[in-house]
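# Take this sequence and fold it.
(one chain, ligands or ions: 1)
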Amino acid sequence: MTNRGSYPANLAPGEALAIDGGTPVRTAPLPWELPGAYFIGAEERALVDQVVDAQSPFRFYGLDAQHMVDRLEAEWCRKFNHAFALGVNCGSAALHIALAAGEIGPGDEVLVPGYMWVSCLSAIVRLGAIPRLVDIDRSFCIDPEDMRRKIGPHTRAVLFVNMSGAMGRNEEVAAIARQHGLFMVEDCAQWAGGSLHGRSAGSFGDIGIFSFQLNKNMTSGEGGLLVTQSQHLYKRCVAIHDVGFARNEQGRLDPMDERYQLWGIGSRMSDLTGAMALGQLGKLDTITGNMRAAKWRIREAIADLPGLGLREIADPAGDTGPFLITIYPTAELCQRFTAALQAEGVRGHPGSLACIPMRDWGMHWYFNVPSLVHKRSLARDGFPWSHPANAFAAEYRYTRGTLPVCDDMESRAALLTISPMLSETDTDEIIAAFRKVGAALLAG
Ligand SMILES: *Cc1c(COP(=O)(O)O)cnc(C)c1O
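The predicted model follows:
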């Protein structure tokens, strides 16, 4: 474990913060917050080449189908102990498919945390259901107590979101969902490779979803995956992600299977994407292992700074590590501390969001999503807000002030992205910068 004694606990007399004109701890930009991107290499190229050489980029059949998506799904199930996995074209589609598989629609209310990603809200609203906001706790995921308070006669489902690379109170939320007969989708878009007390990400609800977009723990540029233990839900997902019907062993559509005559959204994964994702899956443990090690080294080395709070993480071994969340006594201190860290050189390349107050974290906060706040619709009639079955939600408001803990954390918490490429020196310098700024700004 880190020896805190090796970092300057206090400023040398006269040593000014860089923000006040002193010498910065470091000057080189931190690596990009795109964990999988740095690892793309020979393995991905060989697998993609195989698909190109076979002239068969479609997963279900072709001149000489290589079945990369099948391999990805099988390997995911084996590695993470899921019964069924389905590759899709992105995480946003996976959310839509998962909720549709659970038959969520008009008249249904879906519990969703106020700290999430806009795709979570979009999936609920496009299916005709109503998002019901639930507050977070210090885990930065759904607060089970607030969840209990928000359950009402129209509540049909809960969308649990494992934010910023780690878990929340997944087991408690799953127990409440079971107790109330709620369908549970677990959004693990930011938590691929994670676990909680030995149980894999995505196994706590009825369906788990993942994303392989560029910012996620592993990437194929675009891509996503659904997992479930239920064959029925899996078959519904298969039909919905495709053109709305089952497929036979030869990969041909089987529209006569009446149980799966549905509507599809055209979100299949290409075999080129499958090849990329399969290559990345082989590196996921290395990527998350690097991030976790660096993050926890920093956490332990700054934990004693007076007044500095850290996100609660129930199981450090299951944290995938891409984000460090720090909490400050006041909003002003949070802004000043973060600006001072940036001045010390704890920042990324231009355009990077490597070190920011969570105030700058955009549509991860409910009140920053204009389509939600203004109840926008894709249709002219205002669906789903105008649907008679949703009349119960007429007075629902989504403006700031709805969730006190979210509102508070947005103003007092900050985010540092942890790249898997951080060198030991990078990590030491991040720690030195935190301790230097902490000594100057946080009261002892
Ligand atoms: C990225 C993300 C998604 C959406 O995934 P895409 O592949 O970008 O569509 C959904 N939920 C969360 C929490 C995410 O971070």
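
# Every contact and neighbour count from this point should use C-alpha atoms.
Fine.

# mind listing what the residue sitting nearest the centre point of the chain touches?
Residue closest to the mean C-alpha point of the chain, counted by C-alpha atoms, centre = their mean, is residue 190 at 2.6 Å. Residue 190 makes contacts with 162, 163, 164, 165, 166, 210, 211, 216, 217, as judged by C-alpha atoms under 8 Å, 6 or more residues apart in numbering.

# In the stretch 251-400 of the chain, which residue sits closest to the ligand?
Taking C-alpha to the nearest ligand atom as the measure, the point where the stretch 251-400 of the chain comes nearest the ligand is residue 364, at 8.2 Å.

# Can you give me every residue that contacts that residue?
If you count contacts by C-alpha under 8 Å, 6+ apart, residue 364 has them with 114, 115, 116, 117, 118.

# wait, doesn't the second one sit right on residue 138?
No: no contact is recorded between residue 115 and residue 138 when judged using C-alpha atoms under 8 Å, the distance being 11.7 Å.

# For stretch 44-59, buried residues please.
Burial within stretch 44-59, assessed by neighbour count using 16 or more other C-alpha atoms under 10 Å, is assigned to 44, 47, 48, 50, 51, 56, 57, 58, 59.

# follow-up on the earlier one: quick check: the gap between the residue of the stretch 251-400 of the chain closest to the ligand and residue 343.
From residue 364 across to residue 343, the span is 25 Å (C-alpha to C-alpha, to the nearest Å).

# In a strand, residue 185, correct?
Yes: the assignment for residue 185 by DSSP: H, G, I helix; E, B strand; the rest coil puts it in a strand.

# doesn't residue 156 make contact with it?
No: at 11.3 Å, residue 185 does not count as touching residue 156 under the criterion of C-alpha under 8 Å.

# More neighbours: which of those two?
Taking residue 185 and residue 156 together and counting by other C-alpha atoms under 10 Å, residue 185 has the greater number of neighbours (26 against 23).

# For that one, list the residues it contacts.
Contacts for residue 185 (C-alpha under 8 Å, 6+ apart) come out as 95, 98, 99, 157, 158, 159, 160, 205, 206, 207, 208, 209.

# Show me what the closest residue to the ligand within the stretch 201-350 of the chain is bridged to.
Closest approach of the stretch 201-350 of the chain to the ligand (C-alpha to the nearest ligand atom) occurs at residue 211, with a separation of 4.3 Å. When bridges are taken as DSSP bridges, the partners of residue 211 come out as residue 224.

# picking up where we left off before, widest-spaced pair of the contacts of residue 185?
Using C-alpha to C-alpha, the contacts of residue 185 span at most 15.1 Å, a distance reached by 157 and 209.

# So between those two, which is more surrounded?
Between residue 157 and residue 209, residue 209 has the larger neighbour count (other C-alpha under 10 Å), namely 33 against 26.

# mind listing what the more buried one touches?
By C-alpha under 8 Å, 6+ apart, the residues touching residue 209 are 91, 94-95, 98, 185-189, 202, 224-227.

# returning to what we had before: most surrounded residue in the contacts of residue 185?
Using other C-alpha under 10 Å as the neighbour test, the contacts of residue 185 are led by residue 209, with 33 neighbours.

# quick one: the one helix or strand that one maps to to chain centroid distance?
In this structure, residue 209 is located in strand 207-211 according to DSSP states H and E. Centroid separation between strand 207-211 and its chain, computed with C-alpha atoms, centre = their mean, to the nearest Å, is 10 Å.

# again with stretch 368-380
Averaging C-alpha positions (C-alpha atoms, centre = their mean) puts stretch 368-380 22 Å from its chain's average.

# Assess the claim that residue 182 and residue 157 are in contact.
Yes: if you go by C-alpha under 8 Å, residue 182 and residue 157 touch, sitting 4.6 Å apart.

# Would you mind naming what in the protein lies close to the ligand?
Within the chain, the positions near the ligand by C-alpha under 6 Å from any ligand atom are 90-92, 116-117, 119-120, 161, 187, 189-190, 211-213, 222-224.

# re the thing from before, for the contacts of residue 185, give me TSV that also has pLDDT.
Output for the contacts of residue 185, formatted as TSV (pLDDT from 0 to 100):
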residue	pLDDT
95	98
98	99
99	98
157	99
158	99
159	99
160	98
205	98
206	98
207	99
208	98
209	98
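
# Using CSV, please lay out these together with distance to residue 292.
Converted to CSV, those look like this (distance: C-alpha to C-alpha, whole Å):
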residue, distance to residue 292
95, 26
98, 29
99, 31
157, 32
158, 28
159, 25
160, 22
205, 25
206, 27
207, 26
208, 22
209, 21
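
# Out of the residues you listed, which comes closest to residue 440?
Proximity to residue 440 was ranked across the contacts of residue 185 by C-alpha to C-alpha; first place goes to residue 160, at 38.6 Å.

# now the longest strand seen in the chain, how far from the centre of its chain.
Counting residues, the longest strand in the chain under DSSP state E turns out to be strand 155-161. The chain centre lies 16 Å from the centre of strand 155-161; the measure is C-alpha atoms, centre = their mean.

# same thing with stretch 425-438?
Average the C-alpha atoms of stretch 425-438, do the same for its chain, and the two points are 26 Å apart (C-alpha atoms, centre = their mean).

# so for it, what's the average pLDDT?
pLDDT averaged over stretch 425-438 equals 98, rounded to a whole number.

# go on, stretch 184-197?
In this model, stretch 184-197 has an average pLDDT of 98.

# Okay, now the unreliable bits of the chain?
Counting by pLDDT under 70, the ranges of the chain that qualify are 1-14, 444.

# what ranges do the helices span in it?
Taking DSSP state H to define them, one finds helices in the chain at 42-53, 68-80, 91-101, 118-126, 144-150, 170-179, 231-241, 271-281, 284-302, 331-343, 370-373, 404-412, 424-441.

# re the thing from before, neighbour-wise, give me the winner out of the contacts of residue 190.
Sorting the contacts of residue 190 by how many neighbours each has (other C-alpha under 10 Å) puts residue 217 first, at 34 neighbours.

# so what's that residue up against?
With the criterion set at C-alpha under 8 Å, 6+ apart, residue 217 makes contact with 34, 35, 36, 190, 191, 192, 193, 284, 287, 288, 320, 322.

# what's the closest non-adjacent residue to the fifth one?
Right, the one you point to is residue 191. The shortest distance from residue 191 to any residue that is not its chain neighbour, by C-alpha to C-alpha, 6 or more residues apart in numbering, is 4.5 Å, and that residue is residue 165.

# OK, contacts around the one you found?
For residue 165, the contacting residues are 190, 191, 192, 194, 319, 320, 321, 322, 323, taking C-alpha under 8 Å, 6+ apart as the criterion.

# Repeat the analysis, applying 7 Å as the threshold.
By C-alpha atoms under 7 Å, 6 or more residues apart in numbering, the contact set of residue 165 is 190, 191, 319, 320, 321, 322, 323.
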